[in-house]
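In: Show me the folded form of this:
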Amino acid sequence: MSINTCRTAAFPASYGQEQIWFLNELNQKSQLAYTMAMKVSIVGKLNTLQLQRAVNQVVGSQEVLRTSFAYNNGKLSQVISPSATLPIRCVECIDDVPAMQRLINMEVQRGWSLSSAPLYRLLLIKTGDQQHELVICTHHIVCDGISLQLLLQKIVVAYQGQGHEGAPTIPDEEALQFVDYAAWSRQHEHAGLEYWRKQLADAPTILDISTRPGRSEQQTFVGARIPLEFNHHQWQALRQTFRPQGISCAAVFLAAYCVVLHRLAEQDDILIGLPTSNRLRPELAQVIGYLSNMCVFRSRYAQDQSVTDFLQQVQLTLTHLIEHGETPFLQVLQSVEHTRHAGMTPLFQVLFGYEQDVQRTLDTGDLQFTVSDVDTGAARLDLSLFLFEDHDLNVNGFLEYATDRIDAAAAENMVGMLTRVLREFVTAPQAPLSAVQLGAADSEEQTPAITPTFPSVPARLFALADSHPSATALRDEQGELTYAQLRQQIMQAAATLHTQGAKPGTLIAVIGERGIPWVVTMLAIWQVGGIYAPLSKDLPEQRLQGILAELDGAMLVTDDSAPERFGQPVTLAMDALWADAVTQHEQHATDASLQSGYMMFTSGSTGKPKGVHVSQANLVATLSAFGQLLQVKPSDRMLALTTFSFDISLLELLLPLVQGASVQIAVPQAQRDAEKLAGYLADPQITLVQATPVTWRLLLSSGWQPRESLTLLCGGEALPQDLADRLCLPGMTLWNLYGPTETTIWSTACHLQPGAPVQLGHPIPGTHVALVDRDLRSVPRGIIGELLICGPGVSQGYYRNPVETAKQFVPDPVAAGRRAYLTGDRGRMLQDGSLVYIGRRDDQIKLRGHRIELGEIEAALRTLPGVRDAAAQLHGQDASRGIQAFVQLCATVDESRIDIGHWLEVLRLALPEAWLPTEYYRIDGIPLTYNGKRDRKRLLTQAVRLQTPSQRVAPGSGTEAQVQQIWCELLNLEDIGVTDDFFQLGGHSILVARMVERIETTFGRRIPIADIYFSPTIARVAATLNSMTFERGLAAHSMKGDWEFTAISLQHNADSTAAVQER
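Out: Numbers count the residues shown, from 1 in each chain. Below you'll find the predicted structure:
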């Protein structure tokens, strides 16, 4: 490397320095994360004056120690000061370790001005007679890890030279300086760019391993560390196993880290940031500065791949990465398609660093130096693993994590996983990756078994009719029944069913209007041992006919509201069940109810409905569990709101009854009429109500507010956090319920607290849940797995469908001879055993390599101004695939005034770029299935297309026109719309900096880089400029005199107005 550079005051910054400078401009909080610090414990008689002279000598020989930065004419420059000094600040702190640590923390957390040299600091703390602690702090923009060690070595050499004649010395000025490298790097053609384009093509650029909900608009950079230690003697088997196969220790640790990340994110293709020393050229070995270059390691994971094969793959990829490691990361970033997301680093969100031959001790004879890392309390990324290998082959380091993304318990768990994977690598190097365990298979939670106090629902109701005959049981718009009257009608209807041929095991379908007669019919079916199959007359005809075909030979009970075409060979009128019944029936079929059950139909993957057969024992177990969980009292009354053909309606109808309470059956319109529903809930006697999230949102949109005496149950779909926050107010009781039809209504419950994140909670009493991998093995806590439900609620399977039953109903891992149900839902179990819902496998879509959660997009859409509710779906094929957004507008919103460009600005604060919808539709209401869930299949047929964001909008003001001209020149484009995205047009971070400078030259205003990054449109930039002009105008009129800022106080000089005007 030979660069002929004249020693002028300013030199071009390197690519890496440009990137760090830009990040500093974007977010000042990054300073702490990019502060590098080391603590040097010095034992011996230290001459402080001699140490300062040594530092002065090193500063004179190293230009980087006198470097600051300036941005002018669209370029970032390194400015070298000929006179900058690096004074050692000396303090005493004898025998007071806490005070010393506070001093170190204060030193580390001091800010930096990148325009002022030096960007290094030295603090010397005297802790004893011959004991000192030297703290070296620097900003990463002028230093890397190896440079920090080199600096210490040069200072020690210079110190020795000051005190001993003939001792080694350092030259007055090094032959090669960092600015030489920076200049060479800019002039050098980096051939590796094509390699990186191919290597990162179609790579997923978001890796979500967070254990805390949400992501802030800006990185906070607040972090913590967990120390790691891998003693050579304890881990020498690791080297002995893999070194003969050409696999380095660094590759083994990286591979273990990859396995943990693959499993945590449940993702087979991931990207990891990997800093390289970038010192392969011998002449760079002794250069101090930010030479380190960030590279991107891509890991692909196959379950059936052996450990050794995977390690060799990692080693090969690592070798190629190092070979192409000189290519500046900034150039790679500008050349590779990636997702931009506010508060998220581009391309990767995790880091791996491995440094070899780290020297932790120095001994000059008179002095002994021991080096250790300083925890800055910051984190650059979500998760970083830094390891350092010393001359004795010991490996030490730390796991650094962002505390707003990962909680401490989860981070500790990750350390355990890493250690476990390394041990498994050594013990079973030929095992498939699927056999590698990350830790104890403890994502299981089992509640104590419960013993139901009644054998069947009819038996329980008959007992209550004896003990509380006059208590109200059921109410609807037509009247009410006491428990005694209810028993009488059940027995009459059961006798009629029996005379019509019903017997234990008979399938009996019911279609009609909701009300007391329907409920009595259901209970009578169970009394004769029949299988109750509720059907909705509102179902699409094709689906209803399909279900009736599945129920071939079933008896049908209908009322006048059911269409005549839906007849069966045996069809009974509902009102005739007790009209002409015989009176001597008390002893009939007393035990038949034990053989009864119900059949609920769910959507099948083939489009053919699947009948889920649930036994009376399943039902009794669930009702008993909720009786214990909710502590329902005889004085309670529950509103039965849900469609009777939806299984959760059974909780509304039966839980109050078996507890001696009462049920109010709502009219069908109440599900979709917020005013009608609010009227029911205004009745103080209603104490319990259950609804889906869609219904709760409808109710809140009407202005309804929950009252304290009301217990709210929510289920059927994932409960969005924003909805939970509106429902769960102080003094309120809100339960989030989860469970598939196949495990009898609900299987988990979470009593939510105000402000707490939404969770699935714990299994209901008597139920056992586990999160399992693809091989049905329980995963460690913190790892995403598929939810497996075991216990007395697991149903009998799918009616006449042994293939689907065998797929989803698997052997119970806990109770031999019983079955468990694989839900298809993904979740994570926290350390306290509570469950967090991640999403359904079929709701998680993939778009251009990015995994996308539709639920998160819908939640973001609902935050848009003027939007009442929203839905999203994937559309198109191959390259034309994109996200469609369907928004239900508030009644007061004028559609013609909707600004989709502004919507995009808001969405960018919450969603990655790849998740942003490309088509927007207005819809009068989100279509629902017959059981109250969102029906995405009908979205497009009921929607009207809104103006798309791709339609170019011309400038509407002089400011917009001027900004447009600047953009066109920077991006080399002829025309740009004011709502077009700067980055989608080809912009990047350096062009942003140039844009800011051009705007400052044109308007005399410097807009914050962060404003552009978070809202990269001409309209937003112009609005910011107009706002700044307005504020300045206000300030000019209100300012009286001149304000002078000093380090001590704020002083006002009323006599210097003229000086202000002159400026």
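
In: CA only for contacts and neighbour counts going forward, please
Out: Will do.

In: Let me know the average pLDDT across stretch 220-239.
Out: In this model, stretch 220-239 has an average pLDDT of 93.

In: okay but His988 is in contact with Val332, surely?
Out: No - using CA atoms under 8 Å, His988 makes no contact with Val332, being 11.7 Å away.

In: By neighbour count, which bits of stretch 976-987 are buried? Give me those.
Out: Along stretch 976-987, these residues count as buried under the neighbour rule (16 or more other CA atoms under 10 Å): Ile976, Gly977, Val978, Thr979, Asp980, Asp981, Phe982, Phe983, Gly987.

In: Gly827 is in what secondary structure piece?
Out: Using DSSP states H and E, the element containing Gly827 is strand 819-829.

In: Quick one: distance of the following helix or strand past that strand to the chain centre.
Out: Note on strand 819-829: by DSSP H and E, the next helix or strand toward the C-terminus is strand 835-840. For strand 835-840, the gap between its own C-alpha mean and the chain's C-alpha mean amounts to 11 Å (CA atoms, centre = their mean, to the nearest Å).

In: Point out the other helices and strands that strand 835-840 packs with.
Out: Contact here means 3 or more CA pairs under 8 Å, 6 or more residues apart in numbering; DSSP states H and E; on that basis strand 835-840 packs against strand 819-829.

In: Show me what the strand it packs on is in contact with.
Out: Residues from elsewhere that reach strand 819-829, judged by CA atoms under 8 Å, 6 or more residues apart in numbering: 443-444, 740, 742-743, 771, 781-791, 794, 808-813, 835-841.

In: Which among those count as buried?
Out: Buried residues within those, defined by neighbour count using 16+ other CA under 10 Å: 443-444, 740, 742-743, 771, 781-791, 794, 808-813, 835-840.

In: Take the contacts of strand 819-829 and keep only those in strands.
Out: In this view, the contacts of strand 819-829 that belong to strands under DSSP state E are 444, 771, 784-790, 809-811, 835-840.

In: Ser41: what secondary structure?
Out: Using DSSP: H, G, I helix; E, B strand; the rest coil, the three-state assignment for Ser41 comes out as strand.

In: quick revisit: ok, so of the buried residues of stretch 976-987, who is nearest Thr482?
Out: Distance ranking of the buried residues of stretch 976-987 against Thr482, using CA to CA, places Thr979 first at 65.1 Å.

In: Any figure for the gap between Ala449 and Leu539?
Out: Note on Ala449: its distance to Leu539, by CA to CA, to the nearest Å, is 38 Å.

In: At which residues are the helices of the stretch 451-600 of the chain located?
Out: For the stretch 451-600 of the chain, the helices defined by DSSP state H, counting those that start in this stretch cover 457-467, 483-499, 516-527, 541-550.

In: Report the angle between the third one and helix 457-467.
Out: The reference is to helix 516-527. Counting by axes from the mean of the first three to the mean of the last three CA atoms, to 10 degrees, helix 516-527 lies at 110 degrees to helix 457-467.

In: Report all helices and strands that helix 516-527 contacts.
Out: Checking 3+ CA pairs under 8 Å, 6+ apart, helix 516-527 ends up next to helix 457-467, strand 472-476, helix 483-499, strand 531-534.

In: again, only this time at 6 Å
Out: helix 483-499 (3 or more CA pairs under 6 Å, 6 or more residues apart in numbering; DSSP states H and E).

In: tell me the mean pLDDT for the helix it packs on?
Out: On average, helix 483-499 scores 94.

In: quick one: contacts of it?
Out: Residues outside helix 483-499 that contact it (CA atoms under 6 Å, 6 or more residues apart in numbering) are Phe462, Ala465, Pro469, Ala473, Val520, Ala524, Val528, Leu577, Trp578, Ala581.

In: What subset of those residues is buried?
Out: Here, 16+ other CA under 10 Å leaves Phe462, Ala465, Pro469, Ala473, Val520, Ala524, Val528, Leu577, Trp578, Ala581 buried among those.

In: ok, so what distance separates the second one from Lys633?
Out: Applying CA to CA, one obtains 16 Å for the distance of Ala465 from Lys633.

In: same thing with the fourth one?
Out: Separation of Ala473 from Lys633 (CA to CA) stands at 13 Å.

In: what's the pLDDT at the nearest residue to Cys93 once chain neighbours are set aside?
Out: The spatial neighbour of Cys93 that comes closest, neighbours along the chain excluded (CA to CA, 6 or more residues apart in numbering), is Thr127 at 5.1 Å. Per-residue confidence at Thr127 stands at 94 (pLDDT).

In: Whichever strand or helix holds Val944 pairs with which strands, and in what direction?
Out: Using DSSP H and E, Val944 falls within strand 943-945. When pairing is defined by DSSP bridges, strand 943-945 lines up against strand 919-923 (antiparallel).

In: ok now do Leu655, which residues does it touch?
Out: Contacts of Leu655 (CA under 6 Å, 6+ apart): Leu623.

In: Could you pull up the mean pLDDT of the strand or helix carrying it?
Out: Taking DSSP H and E as the definition, Leu655 sits inside helix 649-658. When pLDDT is averaged along helix 649-658, the result is 97.

In: Over to stretch 350-364?
Out: 93.

In: Render the CA-only coordinates of that stretch in PDB, please.
Out: C-alpha atoms of stretch 350-364 as PDB (Å, rounded to 0.1, in the frame of the first residue of the first chain):
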ATOM      1  CA  VAL A 350     -27.300  -9.400  15.800                       C
ATOM      2  CA  LEU A 351     -23.500  -9.500  15.900                       C
ATOM      3  CA  PHE A 352     -20.700 -11.900  16.400                       C
ATOM      4  CA  GLY A 353     -17.100 -10.900  17.100                       C
ATOM      5  CA  TYR A 354     -14.100 -13.200  17.700                       C
ATOM      6  CA  GLU A 355     -10.600 -11.800  18.300                       C
ATOM      7  CA  GLN A 356      -7.500 -14.000  18.600                       C
ATOM      8  CA  ASP A 357      -4.100 -13.500  20.300                       C
ATOM      9  CA  VAL A 358      -5.600 -11.000  22.700                       C
ATOM     10  CA  GLN A 359      -2.900  -9.900  25.200                       C
ATOM     11  CA  ARG A 360      -4.400  -9.300  28.600                       C
ATOM     12  CA  THR A 361      -1.200  -8.800  30.600                       C
ATOM     13  CA  LEU A 362       2.100  -6.800  30.100                       C
ATOM     14  CA  ASP A 363       5.100  -7.000  32.400                       C
ATOM     15  CA  THR A 364       7.900  -4.400  32.100                       C
END
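
In: any weak-confidence spans in the stretch 101-250 of the chain?
Out: By pLDDT under 70, the weakly predicted segments of the stretch 101-250 of the chain are 163-174, 213-217.

In: Let me see the ranges of the helices in it.
Out: Here the stretch 101-250 of the chain has its helices, by DSSP H, counting those that start in this stretch, at 145-163, 178-187, 193-199, 232-242, 249-265.

In: I'd like these as JSON lines, with mean neighbour count and distance to Ile511 appended.
Out: Putting the helices of the stretch 101-250 of the chain into JSON lines (neighbours: other CA atoms under 10 Å; distance: least, CA to CA, whole Å) gives the following:
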{"stretch": "helix 145-163", "mean neighbour count": "19", "distance to Ile511": "74"}
{"stretch": "helix 178-187", "mean neighbour count": "19", "distance to Ile511": "77"}
{"stretch": "helix 193-199", "mean neighbour count": "16", "distance to Ile511": "60"}
{"stretch": "helix 232-242", "mean neighbour count": "15", "distance to Ile511": "68"}
{"stretch": "helix 249-265", "mean neighbour count": "22", "distance to Ile511": "45"}
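
In: Cool, thanks, talk later.
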